[in-house]
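Student: need a 3D model of the following:
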Amino acid sequence: MKIVSVNVGQPREVQWRGRNVLTSIYKSPVAGRVALRKLNLDGDRQADLSVHGGVHKAVYCYPVAHYDCWKQEIERPDWPLGLFGENFTTEGLLEDAAHIGDRFSIGSAEVLVTEPRFPCYKLGIRFESPDVIKRFLESRRTGFYLAVEREGEVGAGDEIRPIAQDPGGVTVADITHLYVEKKYSDSDVALLHRALHLPALPESWKDYLWQRLQKSNL
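Tutor: Presented below is the predicted three-dimensional model:
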């Protein structure tokens, strides 16, 4: 497992549907070593901190393998790394193998898997198509966020080395499943209860899952 590309971007103003929008969805690969800090990478900044960024979303990872899938589904003139707004384009770590709470070392930094990514309308801006947001979620190729446990330096080519796997055994793909699924089976309910006890899962997710459980009357 490794980092294929480290991508950063600053907020920029773009026009979308007749209005000006501030977004940091435009990320570009950078060469050399980059400092990874508690809230982001040097040279990177989130435009809307009410929904992006924070300690649980310091870094967004997107598997490079998903690019090939999208190329079969969407016509584009180019597919630059960082297109999905990811900070790390990764190789060898997919959503069904990354557990919430798993710890990894990358370069001199240590990180923790926290949650899947769900796109806002700004992904539609990047692709110049609002339809991509629904397709992104339906594909379940969400990528995932990392919290920074130890600051350090990272760069393209760095290995993603496992330190510890969370004993809860709930993957990023499992959380996406609980979000997307309209009706829960008994096994889904059991999975949801396990998710509620994950220390690394943000409280906002636990609140959402608890509400889903209450609505299901289970």
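Student: contacts for stretch 193-210?
Tutor: By Cβ atoms under 8 Å, 6 or more residues apart in numbering, the residues outside stretch 193-210 that reach it are 56, 100-101, 112-115, 147, 166, 168-170, 174-175, 178-179, 192. C-beta: built from backbone N, CA, C; applies to glycine.
Student: drop anything exposed from the residues you listed.
Tutor: Taking 16 or more other Cβ atoms under 10 Å as the criterion, what is buried in the contacts of stretch 193-210 is 56, 100-101, 112-115, 147, 166, 168, 170, 174-175, 178-179, 192.
Student: gap between Thr142 and Ala156?
Tutor: According to Cβ to Cβ, to the nearest Å, Thr142 stands 22 Å off from Ala156.
Student: report the residue spans of the chain with pLDDT below the cut-off.
Tutor: By pLDDT under 70, the low-scoring segments of the chain are 47-53, 217-218.
Student: any idea which residue sits dead centre in it?
Tutor: Centrality entry for the chain: nearest residue to the mean C-alpha point is Phe144, 2.8 Å, by Cα atoms, centre = their mean.
Student: pretty sure that residue is touching Val111, no?
Tutor: No. Between Phe144 and Val111 there is no contact under Cβ atoms under 8 Å: 10.6 Å.
Student: higher neighbour count, Thr142 and Ala156?
Tutor: For Thr142 and Ala156, the more surrounded residue by other Cβ atoms under 10 Å is Thr142, and the numbers stand at 24 against 19.
Student: what sits against the more buried one?
Tutor: Thr142 makes contact with 95, 116-118, 136, 172, 176, according to Cβ under 8 Å, 6+ apart.
Student: which among those residues end up buried?
Tutor: For the contacts of Thr142, a burial check counting by 16+ other Cβ under 10 Å picks out 95, 116-117, 136, 172, 176.
Student: my guess is Glu86 contacts Tyr60. True?
Tutor: Yes. Using Cβ under 8 Å, Glu86 is in contact with Tyr60, at 4.9 Å.
Student: need the overlap of contacts for these two.
Tutor: Both Glu86 and Tyr60 are contacted by Gly143, under the criterion Cβ under 8 Å, 6+ apart.
Student: that older thread, quick one: which of the buried ones among the contacts of stretch 193-210 sit in strands?
Tutor: Among the buried ones among the contacts of stretch 193-210, the residues falling in strands (DSSP state E) are 112-115, 147.
Student: a markdown table for those residues, including distance to Trp16?
Tutor: Output for those, formatted as a markdown table (distance: Cβ to Cβ, whole Å):
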| residue | distance to Trp16 |
| --- | --- |
| Leu112 | 33 |
| Val113 | 31 |
| Thr114 | 28 |
| Glu115 | 26 |
| Ala147 | 30 |
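Student: of the residues you listed, just say which sits nearest to Leu36.
Tutor: Closest approach to Leu36 among those (Cβ to Cβ): Ala147, at 11.0 Å.
Student: secondary structure added to the contacts of Thr142, as CSV?
Tutor: Formatted as CSV, the contacts of Thr142 follow (DSSP: H, G, I helix; E, B strand; the rest coil):
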residue, secondary structure
Glu95, coil
Pro116, strand
Arg117, coil
Phe118, coil
Phe136, helix
Val172, helix
Thr176, helix
